[in-house]
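1. 3D model of this:
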Amino acid sequence: MKTNRARNWDRNVVLSVEHLTMRFGGLVAVNDLSFNVGRGDITALIGPNGAGKTTVFNCVTGFYKPTEGRIAMRHGAGVSQDQIEALTRTGRQYDDDGDHRVFLLERMPDFEISKRAKVARTFQNIRLFGGMTALENLLVAQHNPLMIASSMTVGGILNLPGYRKARGEAIDFAAYWLEKTGLIDRADDPAADLPYGAQRRLEIARAMCIRPHLLCLDEPAAGLNPRESTELNELLQYIRKDHDTSILLIEHDMGVVMEISDHVIVLDYGQKIADDTADEVKNDPKVISAYLGVDEDEVAAIEESIDMPVHHAKHSQRDEGGQP
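-> A predicted model of the protein is given here:
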């Protein structure tokens, strides 16, 4: 159930996207997009196919370098806009000194965004290590601290006490997330042998093993049945509440979006057309028009005929080509 966190994204920001533009040759996939993700919020980024959602995710997580714009990740509620502006002027990638750390993601390589800025993601198409066990997939996600504990492999080869301690902690943490995702009984099974829904949960567990401040989920409910979607909602609420992790998700399942999201941003042709609470967005004529592929003046008639606006409009009637 959604909590009452109205406009938390304006006063307690964990991620700010400012004037983001992404061009592929002559194609403008995202055009001058700005939005905030509130600390501790579940924020949904939605829109018809081809709206630019995955392009935004790829910019936030470092897979693409945006043509223009700034993407600032803030650790600690005390990060000021002045601190971000000062960092921008210096040309540096981040300021991780003290409690109020800030990272300019558009300047950072993807592995540093994960390791240092603590932004984790899953993908629309599952990307597990199929030949590894479920447990091993979660240990791989903890590679960086294990390498440090092993003094870059020497401690691991010699099985020194510091490495043994770190490995034991990593296994315990992996087991914790296997338990929370209902996979502890499949810990030693190859990831490729798990059912589809279990693989989705394992991807989320792997992402949580880097202890992220921001978890980015690309269509986590895709292919899930109603029971699995309900379990996903419960898992995301647990992650937000008990681990103080902010969540940014792309999702076509409006049941998931409207049930758990504090904040919804809607894109259409790479531009923002709505940015508000779920209740406000689902009744916005521009949003309904974009999803149904009709002019706004036709929305009232269509609403009257189907008696529910966005809930029945899970997919656009446009060509299914997808976004860049």
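
2. every contact and neighbour count from this point should use C-alpha atoms.
-> OK.

3. quick one, helices of this protein?
-> Remark: helices assigned in the chain by DSSP state H are 8-11, 53-60, 81-90, 110-115, 134-140, 143-149, 154-158, 161-180, 196-208, 226-243, 254-260, 278-281, 285-292, 299-306.

4. can you spell out which helices and strands pack onto the first one?
-> Meaning helix 8-11. strand 27-38 (3 or more C-alpha pairs under 8 Å, 6 or more residues apart in numbering; DSSP states H and E).

5. where are the low-confidence patches of the stretch 151-300 of the chain?
-> Within the stretch 151-300 of the chain, the ranges that satisfy pLDDT under 70 run 152, 156, 293-300.

6. closest to the centroid, which residue in this protein?
-> Most central in the chain under C-alpha atoms, centre = their mean is residue 216, positioned 1.1 Å from the mean C-alpha point.

7. what sits against that residue?
-> Contact analysis of residue 216 by C-alpha atoms under 8 Å, 6 or more residues apart in numbering lists 57, 119-122, 247-249.

8. nearest to residue 80, of these?
-> residue 119 (19.8 Å; C-alpha to C-alpha).

9. outline the domain layout of this structure.
-> 9-118+212-324, 127-211 (automatic domain parsing).

10. turn the helices of the chain into JSON lines, columns for distance to residue 32 and mean neighbour count.
-> JSON lines is the format used below for the helices of the chain (distance: least, C-alpha to C-alpha, whole Å; neighbours: other C-alpha atoms under 10 Å):
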{"stretch": "helix 8-11", "distance to residue 32": "19", "mean neighbour count": "16"}
{"stretch": "helix 53-60", "distance to residue 32": "11", "mean neighbour count": "23"}
{"stretch": "helix 81-90", "distance to residue 32": "18", "mean neighbour count": "13"}
{"stretch": "helix 110-115", "distance to residue 32": "22", "mean neighbour count": "18"}
{"stretch": "helix 134-140", "distance to residue 32": "37", "mean neighbour count": "24"}
{"stretch": "helix 143-149", "distance to residue 32": "35", "mean neighbour count": "17"}
{"stretch": "helix 154-158", "distance to residue 32": "48", "mean neighbour count": "14"}
{"stretch": "helix 161-180", "distance to residue 32": "38", "mean neighbour count": "17"}
{"stretch": "helix 196-208", "distance to residue 32": "29", "mean neighbour count": "23"}
{"stretch": "helix 226-243", "distance to residue 32": "29", "mean neighbour count": "16"}
{"stretch": "helix 254-260", "distance to residue 32": "24", "mean neighbour count": "19"}
{"stretch": "helix 278-281", "distance to residue 32": "20", "mean neighbour count": "17"}
{"stretch": "helix 285-292", "distance to residue 32": "18", "mean neighbour count": "22"}
{"stretch": "helix 299-306", "distance to residue 32": "27", "mean neighbour count": "13"}
